[in-house]
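S.K.: Just a sequence and a predicted model for now, questions to come.
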Amino acid sequence: MTWEELENACGSCQKCALGATRTNCVFGTGSRNARLMFIGEAPGEKEDLSGVPFVGAAGKLLDRFLEAVDIPREDVYIANILKCRPPKNRDPLPAEEDACIGYLEEQIRLINPDIMVCLGRISAMRLIKPDFKITKEHGVWFSRDGRRICAVYHPSALLRDPHKKEDMLTDMKAIKAVLDGKE
Ligand code: URA
């Protein structure tokens, strides 16, 4: 599949009930040549309205961490497990993830990143392992189809509990070191 075919398929998708309630499909944004890819959970209200991932409060906080470790947002690719917003931002249903995951897998295939970073538990449980424990295992490196993959706290979790920001900075510094080939 080409990028155009993939984006069109995603934009007209009705594989699950969220297709009927979305304002916009939130496909993904950033460099299609990225070596580093971030994967969140699902669009929120601001993302649904704009069609761009991580533009709300959580996205602004993610931007601050990217800046702190000197990773330009335009150099990475950012996408979500679900491309459509679940009502009232509830957790994705397993059936919704199953219906949607093929789009993300195709994005990963097209980008072919060296490093993938899951933003939060939901993404880590889908992409790393079903029993992933974010409190214990954030910042731990795993392997997925020959790529390095880890998870960090979801920026929304940092908004709820600012104490986690210290761990987030440590993890982001380690990601930058791997990106720079220093680890
Ligand atoms: N939270 C997510 O997981 N993804 C977004 O795009 C926005 C908020």
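M.R.: Thanks, I have the structure now. For clarity, every value in this text was computed on a predicted model and none was experimentally measured.

S.K.: give me the residue from this protein nearest the ligand.
M.R.: Using Cβ to the nearest ligand atom, the closest approach of the chain to the ligand is made by residue 40 at 3.0 Å. (Glycine included, C-beta is placed from N, CA and C.)

S.K.: Doesn't residue 38 lie inside a strand?
M.R.: Yes - counting by DSSP: H, G, I helix; E, B strand; the rest coil, residue 38 is located in a strand.

S.K.: Tell me the secondary structure at the nearest residue to residue 1 once chain neighbours are set aside.
M.R.: Excluding the flanking residues, the one nearest residue 1 by Cβ to Cβ, 6 or more residues apart in numbering is residue 106, at 5.6 Å. Secondary structure, three-state DSSP: residue 106 is helix.

S.K.: can you check residue 83 too?
M.R.: coil.

S.K.: Next: residue 164.
M.R.: Quick answer, by three-state DSSP: residue 164 is helix.

S.K.: wait, doesn't it sit right on residue 155?
M.R.: No - using Cβ atoms under 8 Å, residue 164 is not in contact with residue 155; the gap is 9.9 Å.

S.K.: Enumerate the residues of the chain near the ligand.
M.R.: Residues of the chain lying close to the ligand (Cβ under 6 Å from any ligand atom) are 40-44, 47, 53-54, 56, 58-59, 80, 119.

S.K.: now stretch 71-81: how far from the chain's centre is it?
M.R.: Here the centre of mass of C-alpha atoms in stretch 71-81, compared against the chain's by Cα atoms, centre = their mean, to the nearest Å, lies 8 Å away.

S.K.: Repeat that for stretch 57-64.
M.R.: Taking Cα atoms, centre = their mean, one finds the center of stretch 57-64 at 13 Å from the center of the full chain.

S.K.: still on that earlier bit, of residue 164 and residue 155, which one has the most company?
M.R.: residue 155 (24 against 19; other Cβ atoms under 10 Å).

S.K.: was I right about that one contacting residue 53?
M.R.: No - with contact defined as Cβ under 8 Å, residue 155 does not reach residue 53; the gap is 11.5 Å.

S.K.: Let me see the contact set for the residue lying closest to residue 32 once chain neighbours are set aside.
M.R.: Once flanking residues are discounted, residue 32 sits nearest to residue 111: 6.0 Å by Cβ to Cβ, 6+ apart. Contacts for residue 111 (Cβ atoms under 8 Å, 6 or more residues apart in numbering) come out as 32, 33, 34, 37, 77.

S.K.: Many thanks, have a good one.
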